[in-house]
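Visitor: coords please:
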Amino acid sequence: MSDIFAGTRDIVDAEEFRRVAGCFATGVTIVTTTGSDGEPIGLTANSFSSVSLDPPLILFSIARKLNSQPAFQKAEHFSINVLHEGQLSLAKQFAVALGEKWKNVHFEDGSFGCRLISEAAASLECEKYASYDGGDHVIYVGRVLKIKADWQRTPLIFWQGKFGKVALENA
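Guide: Numbers count the residues shown, from 1 in each chain. Sure thing, here's the model as predicted:
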């Protein structure tokens, strides 16, 4: 284990920072919106977090360089689909920059025009509340308008650059 506290650095190495950030396990989501031409947009993201209960706010961030970033910038609504451990193939499918992301994907149309992944562990339909500069990413905050969850589904997780499953402790 490298000792990151041994000295002061002016610049943190990007790859080392990525590895250190990867020590924090996250859930895996597919974030969806609809392009101005009506095209469904979706991408895999693990940068999802709740922000506030009153009002109900969440956030996610996406890289500025992504082809889908302009669609999220213009969109008024988006959906967060929390994946379960059986949806690893979907996580990988939506993580690819180009390709047929929606091929063979079961989905429902959400109340605000964004697709909801069928059988997701949870889905949150959101109205864009704010966006912020996040360096090489854009941080989007959404006001949650509608939710649903399947409490029986175990989430898919991402840790140290790999997908995994949750091992729950028996009480």
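
Visitor: the chain: helices as residue ranges?
Guide: Assigned by DSSP state H, the chain shows helices spanning 14-21, 69-74, 88-95.

Visitor: for residue 78, name its beta-bridge partners.
Guide: Here residue 78 sits in beta bridges with residue 126, as judged by DSSP bridges.

Visitor: that one contacts residue 33, correct?
Guide: Yes - Residue 78 lies in contact with residue 33 (C-beta atoms under 8 Å); the separation is 4.3 Å. Glycine gets a C-beta too; all of them are placed from N, C-alpha and C.

Visitor: between these two, which contacts overlap?
Guide: Common contacts of residue 78 and residue 33 (C-beta atoms under 8 Å, 6 or more residues apart in numbering): 72, 114.

Visitor: the closest residue to residue 155 other than its chain neighbours and residue 102, how far apart?
Guide: Counting by C-beta to C-beta, 6 or more residues apart in numbering, the nearest residue to residue 155 once its immediate chain neighbours are dropped is residue 27, at 5.0 Å. Residue 27 is 22 Å from residue 102, where distance means C-beta to C-beta, to the nearest Å.

Visitor: those two: who's more crowded?
Guide: Between residue 27 and residue 102, counted using other C-beta atoms under 10 Å, the more crowded position is residue 27 (19 against 15).

Visitor: look up how far residue 50 lies from that one.
Guide: The gap separating residue 27 from residue 50 is 11 Å, by C-beta to C-beta.

Visitor: burial measure for the residue nearest to residue 142 when sequence neighbours are not counted, as a count.
Guide: Using C-beta to C-beta, 6+ apart and skipping residues adjacent in sequence, the residue nearest residue 142 is residue 126, 3.0 Å away. By other C-beta under 10 Å, 29 other residues sit near residue 126.

Visitor: so residue 126 makes contact with residue 77?
Guide: Yes - Residue 126 lies in contact with residue 77 (C-beta under 8 Å); the separation is 6.5 Å.

Visitor: would you turn the helices of the chain into JSON lines with distance to residue 149, mean neighbour count and mean pLDDT?
Guide: Listed next are these as JSON lines, based on distance: least, C-beta to C-beta, whole Å; neighbours: other C-beta atoms under 10 Å; pLDDT from 0 to 100:
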{"stretch": "helix 14-21", "distance to residue 149": "27", "mean neighbour count": "11", "mean pLDDT": "85"}
{"stretch": "helix 69-74", "distance to residue 149": "23", "mean neighbour count": "16", "mean pLDDT": "94"}
{"stretch": "helix 88-95", "distance to residue 149": "17", "mean neighbour count": "17", "mean pLDDT": "95"}
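
Visitor: appreciated, that's everything.
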